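Undergrad: Return a 3D structure for these sequence lines:
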Amino acid sequence: MDDKQFQLADDFLRRFASALRSAQLYSAGHPIIARNIDALVAGVGHVHASQPTITIGIVGTEIVVGDVPIGKVELLGELVKRMQLAGVERVAIDRGVSKEEIAGLVQTLASIEPRRIGEDRPPELPVFPHIRLGRIQVEQRVEESLADTATIRRMYDDAVSVASLVWESAKTERQPDATAAKSMVDGLAQAVAQNRTALMALTALKSYDNYTFTHMVNVSILTMGQARGLGVDGPLLREFGMAALMHDLGKVQTPLEVLNKPDKLTDAEFAIMKRHTVDGAEMLRRTPDIPTLAPVVAFEHHLRLDGSGYPDGVKRPTLNICTMLCSIADVYDAMRSQRRYQQSFPTERILAVLKRSDGQQFDQHLVRRFVQLIGIYPPGNMVRLDTGEIAVVVKAYAPDPYRPQVRVLFDRTGSRLDLPYDVNLWDVESGQDRPSSVVAPLDPADYAIDPLALM
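TA: Residues are numbered from 1 along each chain as shown. Presented below is the predicted three-dimensional model:
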């Protein structure tokens, strides 16, 4: 940032702080507030004349614009405080922002109240079309009990929100928000280490509303889950999670009509789609604070061990272990996810894809370990048993993925049990008067229950 840009940024932050102060001191509609909002709108326009997005972040107790710290903490201290109270560590204001949006942002920050003792979550914030608020979503250390499914669910939801921020920053600024991603992956890595079953069960939720962002989070969790099973831990596990989270970021440069096309792509469209591996690797290679593993995985994740896949003309005698784990997770999650134009596939069909071409595309040792990790019927899935009873899968059983541990919820007549009971299907012989096998997976929506709450 040159001297002129520094002066513009400094002036903008002064105007922001003044508008915030006046909104705190005077009642709504006061002319002083209106004058300060007008001045702030003008300051935003000055910066937008030379760059499409104004990015404001908190580093320690300092405010930075772009990558440059702006001093005068005594002047900007209240702005820092209000952002921290809101749980916001980053604000991005895109070109085209309206005066009403800017006034709404100022009023939102001015009206934030300090959190009460025991209130662990920051307040809900409004959504602005041209303003993105980067929440401090997932703390590096998770203080709550990770045995609590509600805590795991909240962590997962927060991670999806961070993924959307990472995607949008990559789209608008051509660099993903590495700070937000790192904080989120650190939390997920801790959860993978402490309660892998519950966290991986959340990845089985079949929703297409936020497919792009849930897919990012799911692939990261599934990759770290596999890596943890191989003994990967600590900083390296987090690098695996970061690389998997960002494996598809090159798609921010793929035209939407290609990316979201429900029908089969033409050869020309598929050629455009395949560019995302190169685009993603280039973007990540240029982004500070991104693990060197990330551009490797972005480039390789559609390559296969038998030399097929893409980028076209690229062959590797071997692939990075993180690439291989990420590729398995990528195919699995894409096929089992329900989207507007695709029903989810059962696990058996997905595993058949992972084993096709005589097992030459994917490392079959890793595929077998993946099956042992998730089971044929993964935790959180509802299933019908051979006795006609209905249950939720609680835990996969590695020696026999077809026979998991289940919690029976409905009896043979379809009546809901007052006291559900657990059965280890691998312990029960066929023919006994107890369920011994799964007959078919079921859709929990048909029973109006949340299977995760019953695990």
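
Undergrad: residue ranges for the helices of the stretch 51-200 of the chain, please.
TA: 73-85, 99-110, 149-173, 178-202 (DSSP state H, counting those that start in this stretch).

Undergrad: who wins for proximity to Q5 among those?
TA: Counting by Cβ to Cβ, Q5 lies closest to helix 149-173 out of the helices of the stretch 51-200 of the chain; the figure is 15.3 Å. In this view, the C-beta of every residue, glycine as well, is placed from N, C-alpha and C.

Undergrad: coming back round to it: quick one, which of the helices of the stretch 51-200 of the chain is packed in tightest?
TA: The highest average neighbour count among the helices of the stretch 51-200 of the chain, using mean count of other Cβ atoms under 10 Å, belongs to helix 178-202 at a mean of 22.

Undergrad: For that helix, which helices and strands make contact with it?
TA: Helices and strands touching helix 178-202, by 3 or more Cβ pairs under 8 Å, 6 or more residues apart in numbering; DSSP states H and E, are strand 88-94, helix 149-173, helix 211-229, helix 234-245.

Undergrad: possible to save the helices of the stretch 51-200 of the chain as a markdown table with mean pLDDT and distance to R14?
TA: Listed next are the helices of the stretch 51-200 of the chain as a markdown table, based on pLDDT from 0 to 100; distance: least, Cβ to Cβ, whole Å:
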| stretch | mean pLDDT | distance to R14 |
| --- | --- | --- |
| helix 73-85 | 66 | 7 |
| helix 99-110 | 91 | 14 |
| helix 149-173 | 85 | 24 |
| helix 178-202 | 83 | 25 |
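
Undergrad: Columns distance to L351 on top of those helices, output as TSV?
TA: Shown next, in TSV, are those (distance: least, Cβ to Cβ, whole Å):
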stretch	distance to L351
helix 73-85	47
helix 99-110	48
helix 149-173	24
helix 178-202	16
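
Undergrad: right, and the helices and strands packed on helix 178-202 - which one's nearest V258?
TA: V258 sits nearest to helix 211-229 of all the helices and strands packed on helix 178-202, at 14.0 Å, using Cβ to Cβ.

Undergrad: and the angle for the closest one with helix 149-173?
TA: Helix 211-229 runs at 120 degrees relative to helix 149-173, counting by axes from the mean of the first three to the mean of the last three Cα atoms, to 10 degrees.

Undergrad: what's helix 211-229 packed up against?
TA: Counting by 3+ Cβ pairs under 8 Å, 6+ apart, helix 211-229 packs on helix 149-173, helix 178-202, helix 234-245, helix 321-336, helix 364-374.

Undergrad: Render the CA-only coordinates of the third one in CSV, please.
TA: Same thing as helix 234-245. Extracted C-alpha coordinates of helix 234-245, given in CSV (Å, rounded to 0.1, in the frame of the first residue of the first chain):
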residue,chain,number,x,y,z
GLY,A,234,-0.7,-32.1,15.8
PRO,A,235,0.3,-29.4,13.3
LEU,A,236,0.4,-31.9,10.4
LEU,A,237,-3.2,-32.9,11.0
ARG,A,238,-4.2,-29.3,10.8
GLU,A,239,-2.3,-28.9,7.6
PHE,A,240,-4.2,-31.8,6.2
GLY,A,241,-7.4,-30.2,7.3
MET,A,242,-6.5,-26.8,5.7
ALA,A,243,-5.5,-28.4,2.4
ALA,A,244,-8.7,-30.4,2.2
LEU,A,245,-10.9,-27.4,3.1
